[in-house]
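1. Any chance you could fold what I've pasted below:
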Amino acid sequence: MPEETIEERYCRQTPGSRERFEAGRNFTAGPAKGAYFFSPYPLSFVSGEGCQLQDVDGRTYVDYANHHTVQILGHQHPSVMAAVEKQLQSGIALGGTVGVEFDIAAEMCRRVDTVERIRFVNSGTEATLHAIRLARGFSGKPKIAKFEGGYHGSHDAVEISVRPPLEEAGPPDAPRSVPGAGGMSAGAVDEVIILPYDDEAAVERLVEQHREELACVIFDPKAGILPQRKEFVQAVRNITRKFGVLLIFDEIVGFRIGMGGLQAHYGIDPDLTCFGKLIGGGFPASAFGGRADMMDLLDNSQGPTGFFQSGTFSAHPVAMATGLATLKALTPEVYDHLNGLGDRLKSGLEQQFVDQGVEAHIVVTGSIFSVHFKEGPLANYRDLAHTDQDLAHRVFLSLLDQGYFLSSGLTMCALSSPMTERHIDGLVEAMGRAVEKAQKEG
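-> Residues are numbered from 1 along each chain as shown. Model (predicted):
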């Protein structure tokens, strides 16, 4: 009798997840949202506590996905749960300010030196949308620039050249704009200049060439999932300043590395910054903020300015309360703990793969990590396009079998504060077993 495959074992162990998925997919067009899906069907969870999850079939996993990096304090953290309960007792949504939104705004401005004013929205997509609109209006220029492979949300201004087919992407030092989703505006690609990561000379040439029409450069210094050289990040800031182009820093995942975010880590001062993920403490919340002279254009208490930003659920009291509780719990000691675990994981996995003779890149930024199976360098989107994603998927399923839940592509995985060195060492050992099994099956 042939040995059970990794996928067959997954299906046998998770019938409840399959049943839920099949029952709901006709009403939700597949999974409840695109990011939940992985083949053959996604897991369905019933609870989470600390750094563990339980699925509908009663299986328990150590959580290394943490809801797209959001749950930095783990699940049901006492201070976050207390904040939820306190705000619910006062009211869910009262149609006016309740005070906590000013408290979290002050806390974020205190932590990030470049943020003089801030506005809250519901998602990273909204944050980048409003920041780009503000930059266009402030500068009076129509176009923006973004980096090839950078993801900044799901709107027409930024969903360009996120994962372009290499045969359509153009030269490495002058990438073409390629639409990233069906149904986009026909003119969207003409409004976006694509820049290459890890190439200062090309960035300077392209920004200079388009300086008269560029409102801003939006920049995620992780290349979506790859941390960039400090010299390159600082060069992007210097280039934009040299040619009078605004810089928007995408820190949707930024507070994962330290109190002042990625910009403090890299030592730069963007004009505007977009925040998200953990700042809602598990509830929907994002933000954008920066220079007072720009952000004050949104201040309609001073009369008409021609600018406006609002939303029914923007600055929702529960999200503001849980976000503030999360930020206050993220002390320097907690960051030291998380970053130390990240360093231990990186060194452990690298040694594990050396011992196994496996070609892989372990990418760690603070408490965010990714595993890429690839020979040769890994510095930009075009390098990422050549990783072995089939092997990564088999490893992912094999890790589920061992009780470890990572993101399905092994990218943008995340640690949480309840974890200890025991959890890190356990994942390293499990990864070794998973790779061995996946390679045999491949």
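
2. where do the helices sit along the stretch 301-442 of the chain?
-> Per DSSP state H, counting those that start in this stretch, the stretch 301-442 of the chain carries helices over the ranges 317-329, 332-356, 381-384, 389-401, 421-441.

3. Which residues belonging to the second one are considered buried?
-> When you say that, I think you mean helix 332-356. Residues of helix 332-356 classed as buried: 335, 337, 338, 339, 341, 342, 344, 345, 348, 349, 352, 353 (neighbour count, 16 or more other Cβ atoms under 10 Å). C-betas here are computed from N, CA, C, even on glycine.

4. wait, the last one sits on residue 372?
-> It stands for residue 353. No. Counting by Cβ atoms under 8 Å, residue 353 stays clear of residue 372, with 11.0 Å between them.

5. and for these two, which residues touch both?
-> Taking Cβ atoms under 8 Å, 6 or more residues apart in numbering as the contact rule, residue 353 and residue 372 both touch residue 360.

6. Using CSV, write out the CA atom coordinates for stretch 181-193.
-> In CSV, the C-alpha atoms belonging to stretch 181-193 read as follows (Å, rounded to 0.1, in the frame of the first residue of the first chain):
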residue,chain,number,x,y,z
ALA,A,181,-5.8,42.8,-10.5
GLY,A,182,-8.7,42.5,-12.9
GLY,A,183,-11.1,45.5,-13.2
MET,A,184,-8.6,48.2,-12.6
SER,A,185,-8.9,51.6,-14.2
ALA,A,186,-7.4,51.6,-17.7
GLY,A,187,-5.3,54.7,-16.8
ALA,A,188,-4.0,53.3,-13.5
VAL,A,189,-0.8,52.0,-15.0
ASP,A,190,0.0,55.3,-16.6
GLU,A,191,0.0,57.1,-13.2
VAL,A,192,2.5,54.8,-11.5
ILE,A,193,6.3,54.8,-12.1
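
7. Give me the buried positions along that stretch.
-> In stretch 181-193, the ones that count as buried by 16+ other Cβ under 10 Å are 188, 189, 191, 192, 193.

8. Next, the contact list for the last one, please.
-> Spelled out, it's residue 193. Contacts here follow Cβ under 8 Å, 6+ apart; on that basis residue 193 touches 143, 144, 145, 146, 177, 206, 210, 214.

9. Try it again at 10 Å.
-> By Cβ atoms under 10 Å, 6 or more residues apart in numbering, the contact set of residue 193 is 143-146, 160-161, 174-175, 177, 206-207, 209-210, 213-214, 217.

10. So residue 274: helix, strand or coil?
-> Per DSSP: H, G, I helix; E, B strand; the rest coil, the local secondary structure of residue 274 is strand.

11. I'd like the distance between it and residue 360.
-> Distance, residue 274 to residue 360, using Cβ to Cβ, to the nearest Å: 31 Å.

12. Looking at these two now, which is surrounded by more residues?
-> Higher neighbour count among residue 274 and residue 360: residue 274, with 30 against 25, using other Cβ atoms under 10 Å.

13. Next one: the closest residue in space to the more buried one that isn't next to it in sequence from residue 387, what distance?
-> In space, and not counting its chain neighbours, residue 274 is closest to residue 127: 4.0 Å by Cβ to Cβ, 6 or more residues apart in numbering. According to Cβ to Cβ, residue 127 and residue 387 sit 28 Å apart.

14. re the thing from before, gap between the helix or strand encompassing the residue nearest to residue 274 and the chain center?
-> Per DSSP states H and E, residue 127 falls inside helix 124-139. How far helix 124-139 lies from its chain's middle: 18 Å, per Cα atoms, centre = their mean, to the nearest Å.

15. Restrict it to CA atoms and write it as CSV.
-> Once non-C-alpha atoms are left out, helix 124-139 reads as follows in CSV (Å, rounded to 0.1, in the frame of the first residue of the first chain):
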residue,chain,number,x,y,z
GLY,A,124,-3.9,49.5,5.4
THR,A,125,-5.5,50.0,2.0
GLU,A,126,-7.4,53.0,3.3
ALA,A,127,-4.2,54.4,4.9
THR,A,128,-2.2,54.3,1.7
LEU,A,129,-5.1,55.6,-0.3
HIS,A,130,-5.6,58.7,1.8
ALA,A,131,-1.9,59.3,2.2
ILE,A,132,-1.3,59.2,-1.6
ARG,A,133,-4.4,61.4,-2.2
LEU,A,134,-3.0,63.9,0.3
ALA,A,135,0.4,63.9,-1.3
ARG,A,136,-1.1,64.5,-4.7
GLY,A,137,-3.2,67.4,-3.5
PHE,A,138,-0.4,68.9,-1.5
SER,A,139,2.2,68.7,-4.3
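
16. quick one: average pLDDT of it?
-> Helix 124-139 carries an average pLDDT of 98.

17. At the geometric centre of the protein, which residue do we find?
-> residue 253 (4.7 Å; Cα atoms, centre = their mean).

18. Contacts only, for that one.
-> Listed by Cβ under 10 Å, 6+ apart, the contact partners of residue 253 are 68-70, 124, 220, 222, 224-225, 261-262, 275-278, 365-366, 368, 412, 414.

19. ok, now with 6 Å
-> 69, 277 (Cβ atoms under 6 Å, 6 or more residues apart in numbering).

20. cool, the one 10 residues further on as well?
-> By Cβ under 6 Å, 6+ apart, the contact set of residue 263 is residue 249.

21. Does residue 249 touch residue 272 like I think?
-> No. If you go by Cβ atoms under 6 Å, residue 249 and residue 272 don't touch, sitting 7.3 Å apart.
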